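Student: quick check, what structure comes out for this input:
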Amino acid sequence: MSAPKGSGREEKRLADLEKALARWEEALSAPSSEMARDSAILRFELAYEVGWKAAAAMARRAGLEAPGPRAAFEAAFSLGWTSGEELWDRILRARNLAVHVYQEELAQELFRQLPEFWKGFAELLAGMRRELGGGFLR
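Tutor: As a prediction, this is how the structure comes out:
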């Protein structure tokens, strides 16, 4: 039995995540500079917020409650929308450290991890799109 089509609200959340990922990818591709690094970190924070809320909404659709980011990403993992449970634990910790990007060492370390984190979010989006019966081209 195929999954029922999603509501317009779920589709909008996924479209918002797709836009956030596209902007984040632009920031990651920008010529190396402190401004590009900081922009990529801010785009990560935005994708994180949009992503966990989309995952929580999709989890509710599947009958699971996900009141916060950790629960939302755990639900996404358990529903098969993403893999790499350890990656999501690192993403959660990185998001909590992102507020300290004024510390150069932390900013550089976070920035080095962002391409891998982006791939995790792209996989999450693709998994949620599959759940709704739509595609995500990458």
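Student: check which helix or strand the residue nearest the centre of the chain maps to.
Tutor: Centroid-nearest residue in the chain, with Cα atoms, centre = their mean: F121, separated by 3.7 Å. Using DSSP states H and E, F121 sits in helix 104-132.
Student: for A47, see how far away the nearest residue to T82 once chain neighbours are set aside is.
Tutor: Leaving out its chain neighbours, the residue that sits closest to T82 by Cβ to Cβ, 6 or more residues apart in numbering is L124, at 4.5 Å. Just so you know, the C-beta spots here come from the backbone N, C-alpha and C atoms, and that holds for glycine as well. With distances taken as Cβ to Cβ, to the nearest Å, L124 is found 10 Å from A47.
Student: need the overlap of contacts for the two.
Tutor: Residues touching both L124 and A47 (Cβ atoms under 8 Å, 6 or more residues apart in numbering) are L17.
Student: which element is A59 on?
Tutor: Residue-wise, A59 maps onto helix 34-61 under DSSP H and E.
Student: any idea how far L21 lies from A47?
Tutor: Where A47 is concerned, L21 sits at a distance of 6 Å (Cβ to Cβ).
Student: spit out the residues that contact these two alike.
Tutor: 118, 121.
Student: give me the contacts around stretch 75-85.
Tutor: Residues beyond stretch 75-85 that count as contacts (Cβ under 8 Å, 6+ apart) turn out to be 55-56, 58-59, 62, 64, 66, 73, 88, 120, 123-124, 127-128, 130-131.
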